[in-house]
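> my questions are about this predicted structure, shown below with the sequence.
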Amino acid sequence: MAEPGSGDPGLFGPDSVTWQVHSDPMMWVAGVRALYLQALHPRAVRGVMQNSDFGADAWGRLFRTASFVGTTTYGTTEAAEKAGARVRKIHGKLGATDPDTGERYGVDEPELLLWVHCAEIDSYLQVARRSGFPLTDAQADRYIAEHRVSARLVGLDPDAVPADRAGMNAYFEKVRPELAAGEEARAVDDLLLRPPTHPLLIPARGVLWRRVAHLAYAALPPYAHELYGRPAPEPSTVTRQLRATGTLLRCIPARLRWQLPPKHILRAMARLGPGSRPAPYKLGRQLAILDESGEGGAR
């Protein structure tokens with residue numbers, strides 16, 4: 001067995017912005033925001049609803065996505081590449097049908113993969129920053145650039161993926177005319193507010209989960225609220241709510257949070273040594289590195 005500190009740092013590595021951001025507990029809120037946003041692309045959400053049991057297994061989809069992100073962030077290079085290969089293989093077999101035109105298309109069309117990728121990365125970044133996670137503008141740009149790696153894993157050409165905030169904003173501006181809250185998006189909205197739950201857990205769902213779902217919805221951009229047709233508090237109010245929630249969740253000791261299966265972070269620390277522990281304060285030490293030219297990550 002390799003000595004701690006001598007292992008494979010994976011695709012990102014302990015010095016990346018991604019390594020620090022993805023350890024934050026607010027990523028769960030960000031993941032739900034991403035689902036709300038992704039559902040607004042009719043072709044993309046149709047591919048999900050026609051090829052999965054999302055309606056009966058919303059929890060499973062959320063946890064599978066979290067596991068994929070954990071593996072690609074903190075796993076070995078081999079584990080991350082295998083996870084990406086599995087996703088590409090599954091997507092390559094799936095298609096969806098437009099009920100209005102009868103058109104049949106693959107769910108792995110670059111246009112759809114790019115939408116899912118951008119909605120996810122934007123959600124992680126927006127929720128992290130608005131909830132108080134310390135990221136400079138340069139670090140936010142570096143985070144987006146780092147995720148051209150994860151875009152490659154799902155089958156995208158990294159050069160066709162936004163590499164900074166300006167590119168991400170331009171992409172969303174371009175794609176907005178294609179977005180709509182159709183029947184499938186409404187179904188996702190209902191499922192996120194009331195996911196199937198064991199009868200004994202319904203009270204907990206009402207007390208805890210709906211607060212997460214409401215906060216994730218509130219964190220969407222204004223045009224998404226307009227499409228869904230449900231109001232949200234003023235952006236400044238949402239930011240205060242996100243910051244309060246982030247402050248509360250970050251009071252839970254990280255070691256305790258990271259004990260939840262499948263323990264990606266703890267396994268990475270065991271592989272690489274205690275110096276690889278994710279921590280926001282490390283970003284302050286990396287400003288000089290992050291301001292240099294070149295692409296992100298410790299490698």
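Cool, the structure landed.

> just want the most central residue of the chain.
With distances taken as Cα atoms, centre = their mean, the residue of the chain nearest its centroid is Glu120 (4.0 Å).

> state the distance from it to Ile144.
11 Å (Cβ to Cβ, to the nearest Å). The C-beta positions use only the backbone N, C-alpha and C, and glycine is treated the same way.

> could you do His214 as well?
From His214 to Ile144 the distance is 27 Å (Cβ to Cβ).

> one more: Leu135?
11 Å.

> so between these two, which is more surrounded?
Taking neighbours as other Cβ atoms under 10 Å, Leu135 and Ile144 compare with Ile144 leading, 23 against 20.

> the helix or strand that one falls within packs against which elements?
For Ile144, the element it lies in under DSSP states H and E is helix 137-146. Where contact means 3 or more Cβ pairs under 8 Å, 6 or more residues apart in numbering; DSSP states H and E, helix 137-146 is packed against helix 17-21, helix 110-130, helix 165-175, helix 287-290.

> about what we covered before: give me the common contacts of Leu135 and Ile144.
Taking Cβ atoms under 8 Å, 6 or more residues apart in numbering as the criterion, Leu135 and Ile144 both touch Leu125.

> residues in contact with Glu111?
By Cβ under 8 Å, 6+ apart, the residues touching Glu111 are Arg43.

> distance of it relative to Tyr228?
If you go by Cβ to Cβ, the gap between Glu111 and Tyr228 works out to 22 Å.

> next one: Asn51
In terms of Cβ to Cβ, Asn51 sits 23 Å off from Tyr228.

> the two - which one has more neighbours?
The neighbour count for Asn51 versus Tyr228, taken as other Cβ under 10 Å, is higher for Tyr228 (18 against 15).

> now for the closest residue to that one other than its chain neighbours, how many residues are close by?
Closest residue to Tyr228 apart from its sequence neighbours, by Cβ to Cβ, 6 or more residues apart in numbering: Ala181 at 5.0 Å. Neighbourhood size, Ala181 [other Cβ under 10 Å]: 19.

> CA atoms only: put the helix holding Ile144 into CSV for me.
What follows is helix 137-146, C-alpha atoms only, in CSV (Å, rounded to 0.1, in the frame of the first residue of the first chain):
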residue,chain,number,x,y,z
ASP,A,137,-13.3,36.6,-9.1
ALA,A,138,-10.0,35.0,-10.3
GLN,A,139,-10.7,31.9,-8.3
ALA,A,140,-14.3,31.7,-9.7
ASP,A,141,-12.9,31.9,-13.2
ARG,A,142,-10.4,29.2,-12.4
TYR,A,143,-13.2,27.0,-11.0
ILE,A,144,-15.1,27.2,-14.3
ALA,A,145,-11.9,26.5,-16.2
GLU,A,146,-11.1,23.5,-14.2
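
> ok, and what's touching the following helix or strand past it?
Following helix 137-146 in sequence order, the next helix or strand is helix 148-153 (DSSP H and E). Residues outside helix 148-153 that contact it (Cβ under 8 Å, 6+ apart): 11-12, 72, 80-81, 83-84, 87-88, 113-114, 117, 121, 158-159, 161, 163, 295, 297.
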